[in-house]
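Asks: With the sequence up front, the predicted model follows.
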Amino acid sequence: MTAKVRIGFIGAGGIARAHMRRLEGIPEAEVVAFAEPSDASMARMAEDYPSVSTLPVYADYRDMLDKVEMDAAIILTPHTLHHEQGLEVLGRGLHLLMEKPMVCTVPHAYDLIEAGKGKVFMVSYQRHFQGPYIYIRDQIQSGALGKLQFISALQAQNWRRSQTGKWRQVMALSGGGQLNDSGSHLIDILLWTTGLTAESVASYVENYDCEVDIDSALAFRFTNGAHGNISIIGDSPMWWEEFSVWGSDGVILYRNGKIMQGGYGTDGLAEITELPAESDPDRNFVDAILGRDEVCVPPECGLRVIELTEAAWKSAELGRPVRVAELSEAEPA
């Protein structure tokens, strides 16, 4: 392994600059090239990070992969492009960090998981590295809440109006609406922190005047008998998030950055202020390639997210609950 991990960017839009900021703080990482057809996006990247102004830029990501030696790639493009681009990157023996959501269909998730065997392949769900969610997961795993009984998550943001006219509201590029976009963070963190598996989903979806979903109301039954729900409000004047876990012995409530915890025999809810140390997906990606850490967001997390998401879409379409297994019963185990 070289002293530095040489990384190529496929995409240089808004989220790419966040990855660039983190990678600049990692001495073992070296960004070596960009694949980005938009001159405006590359100009904004170079303005924020002048060090990239001398790097080669290719309109077609395949040209970058053909002409530049690298160890890994980061895919930061519209969601429906992830499958094809991911197969190309992994097929060339490169390691891969994929922005969320990993893919837009269950079969595509299985394709990438198979192609990624033997490589470092992870999804960039940053909440796996954030103190509040690590704390919630640790409390659940320690048994502090007892048997999990009900899990609830809510997200409200100005997604409908802020994304009007942009690729995220174009089905051919996004593969779905807010549930598949920022809402996928809620699905991922619900499944990751609790370790639960959804058995069935019932959902209602409102598109308003858009071709993709804006508001979504999902209800779950988990395989352990617990219940739960996710509420996505895409036409909200402000950002708001909630994540709540009720167990047989206690409860954790997370409200826009504030964690409260209580249980039977305690005096109400106590605010939790001491949280685990944080990291980020880019650091984990580089360390995993160098053999210094395990992948914290494996592609199986992406599979579980799209399983539940597709089940929700199918439920809204059919007007009945849908078993998550219906989407993957024909897929390899």
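Replies: Received it, and whenever you're ready, just let me know what you need.
Asks: following the longest helix along the chain, which helix or strand comes up?
Replies: Ranked by number of residues, the top helix in the chain under DSSP state H is helix 299-318. Per DSSP states H and E, helix 299-318 leads on to strand 322-323 as the next helix or strand towards the C-terminus.
Asks: so what strands line up beside that next one?
Replies: strand 198-206 (antiparallel) (DSSP bridges).
Asks: Now V251: closest residue in space, sequence neighbours ignored.
Replies: Nearest residue to V251, sequence neighbours excluded (CB to CB, 6 or more residues apart in numbering): G262, at 5.8 Å. Just so you know, the C-beta spots here come from the backbone N, C-alpha and C atoms, and that holds for glycine as well.
Asks: returning to what we had before: mind listing what's buried in the longest helix of the chain?
Replies: Residues of helix 299-318 classed as buried by neighbour count (16 or more other CB atoms under 10 Å): 299, 301-316.
Asks: quick one: the helices in the stretch 101-250 of the chain?
Replies: Under the criterion DSSP state H, counting those that start in this stretch, the stretch 101-250 of the chain contains helices at 106-115, 131-142, 159-162, 171-174, 183-194.
Asks: Highest mean neighbour count out of the ones you listed?
Replies: helix 183-194 (a mean of 23; mean count of other CB atoms under 10 Å).
Asks: Pull that helix out as CSV, backbone CA atoms only.
Replies: Presented in CSV, the C-alpha positions along helix 183-194 are these (Å, rounded to 0.1, in the frame of the first residue of the first chain):
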residue,chain,number,x,y,z
GLY,A,183,-35.0,10.9,4.3
SER,A,184,-32.7,7.9,3.7
HIS,A,185,-30.6,9.1,6.6
LEU,A,186,-33.6,8.5,8.9
ILE,A,187,-34.1,5.0,7.6
ASP,A,188,-30.5,4.2,7.9
ILE,A,189,-30.0,5.5,11.4
LEU,A,190,-33.2,3.8,12.6
LEU,A,191,-32.0,0.5,11.4
TRP,A,192,-28.3,0.9,12.4
THR,A,193,-28.9,2.2,15.9
THR,A,194,-31.5,-0.4,16.8
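Asks: just checking, what packs against that helix?
Replies: helix 131-142, strand 148-156, strand 227-233, strand 240-247, helix 299-318 (3 or more CB pairs under 8 Å, 6 or more residues apart in numbering; DSSP states H and E).
Asks: what angle sits between it and strand 227-233?
Replies: Counting by axes from the mean of the first three to the mean of the last three CA atoms, to 10 degrees, helix 183-194 lies at 150 degrees to strand 227-233.
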